[in-house]
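Enquirer: I'll drop the sequence and a predicted model, then ask my questions.
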Amino acid sequence: MRHALLSDVHGNLPALEAVLADLATRRIDDLVCLGDFVGYGADPNECVERLEGRIEWGLLGNHDQAVVDPSVLADFNDDAAAAARWTRQQLSPRNLAYLAARPLFARWHGARIVHASPSDPGAWNYLISAEDAEQEFEWFDEPLCFVGHTHMPVVFQWSGGIESETHEPVVQGRRDRRYLIVVPSVGQPRDGDPRAGYLVWDDEAMTFEQVRIEYDIESAARRIIDAGLPHWLADRLRFGS
Ligand code: ZN
């Protein structure tokens, strides 16, 4: 089967629509969202509603948590906190309730899925380096764990310790190895590539393909400005940072 993993949509409807249009052209059996449906972007309701009926699992991200429970905003920078407060005002009661009901992690087709880190899903740790990833392998039993959260895609291969770290768009996995995979962000890439991203996992071929899609960045940026959100949130979409 071929599975699509989306993460960190962040209320960016033009990016999400481009990803969903691309998915429709491929043979994909099912999809999940690893959290951060909202926060930063100008279309939180639409992003929740586009995904809700289509995904097998939708997990809680730290920005979803922040709109549900503003008491955690003390941990956010000013722009992120402003966006979270704005998003909370915009969300329909139904969509707010949907986000509030998201689980922190799940088991899906024999893989672990979680927004930030398997060791402590609610602590929102960032898995960036091989050192960050090394200890995480002790905290899940499955051969594969998929996370989002950093918006910087990478594949860590493990065999008693980290053997490799790759940023290649297509990675051929091995059955006798374990993997921790950070999937790209749909709505706010931070790896220098401003295109929207998602991951395709083929569980028979054991491949992990990072897909990147051009989308109307100016439309997303303009909507952020028109909503009165901080300008940096629009600017960073153009740089992918
Ligand atoms: Zn995020």
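Expert: Great, that's in hand. Residues are numbered from 1 along each chain as shown.
Enquirer: Just the local confidence number for the nearest residue to residue 13 once chain neighbours are set aside, please.
Expert: Once flanking residues are discounted, residue 13 sits nearest to residue 43: 3.7 Å by CB to CB, 6 or more residues apart in numbering. The way it works is simple: take the backbone N, C-alpha and C, and place the C-beta from them, glycine included. Reading off the confidence values, residue 43 has pLDDT 98.
Enquirer: and this structure, which residues reach the ion?
Expert: Proximity of the chain to the ion (CB under 5 Å from the ion) is limited to residues 8, 36.
Enquirer: sorry, back to before: my guess is the residue nearest to residue 13 meets residue 10, correct?
Expert: No - with contact defined as CB atoms under 8 Å, residue 43 does not count as touching residue 10 (9.8 Å).
Enquirer: ok so residue 164 is a strand residue?
Expert: Yes - counting by DSSP: H, G, I helix; E, B strand; the rest coil, residue 164 falls inside a strand.
Enquirer: Look up how far residue 172 lies from it.
Expert: Noted for residue 164: a distance of 12 Å to residue 172, by CB to CB, to the nearest Å.
Enquirer: Those two: which is more packed in?
Expert: Using other CB atoms under 10 Å, the more surrounded residue of residue 164 and residue 172 is residue 164, with 12 against 9.
Enquirer: Which secondary structure state does the residue lying closest to that one once chain neighbours are set aside sit in?
Expert: Excluding its sequence neighbours, the residue lying closest to residue 164 (CB to CB, 6+ apart) is residue 157, at 4.6 Å. The three-state label given to residue 157 by three-state DSSP is strand.
Enquirer: Could you give the bridge partners of residue 157?
Expert: residue 164, residue 179 (DSSP bridges).
Enquirer: from what I can see it touches residue 163, true?
Expert: Yes - in this structure, residue 157 is within contact of residue 163 by CB under 8 Å, at 4.8 Å.
Enquirer: who touches both of these two?
Expert: Residues touching both residue 157 and residue 163 (CB atoms under 8 Å, 6 or more residues apart in numbering) are residue 177.
Enquirer: These two: who's more crowded?
Expert: residue 157 (18 against 13).
Enquirer: burial count for residue 97?
Expert: Residues contacting residue 97 under the criterion other CB under 10 Å number 11.
Enquirer: Got the confidence number for it?
Expert: Confidence score, pLDDT, at residue 97: 98.
Enquirer: same question, residue 48
Expert: Residue 48 is assigned a predicted lDDT (pLDDT) of 98.
Enquirer: Contact partners for the nearest residue to it once chain neighbours are set aside?
Expert: Excluding the flanking residues, the one nearest residue 48 by CB to CB, 6+ apart is residue 95, at 4.5 Å. Residues near residue 95 by CB under 8 Å, 6+ apart: 44-45, 48-49.
Enquirer: Just confirm residue 95 is within a helix.
Expert: Yes - Residue 95: assigned to a helix according to three-state DSSP.
Enquirer: how near is it to the ion?
Expert: 18 Å (CB to the ion, to the nearest Å).
Enquirer: How about residue 88?
Expert: Distance from residue 88 to the ion, by CB to the ion: 16 Å.
Enquirer: Quick check: that residue touching residue 70?
Expert: Yes - using CB under 8 Å, residue 88 is in contact with residue 70, at 6.6 Å.
Enquirer: Give me the more crowded residue out of the two.
Expert: Neighbour totals were compared for residue 88 and residue 70, and residue 88 leads with 19 against 14 (other CB under 10 Å).
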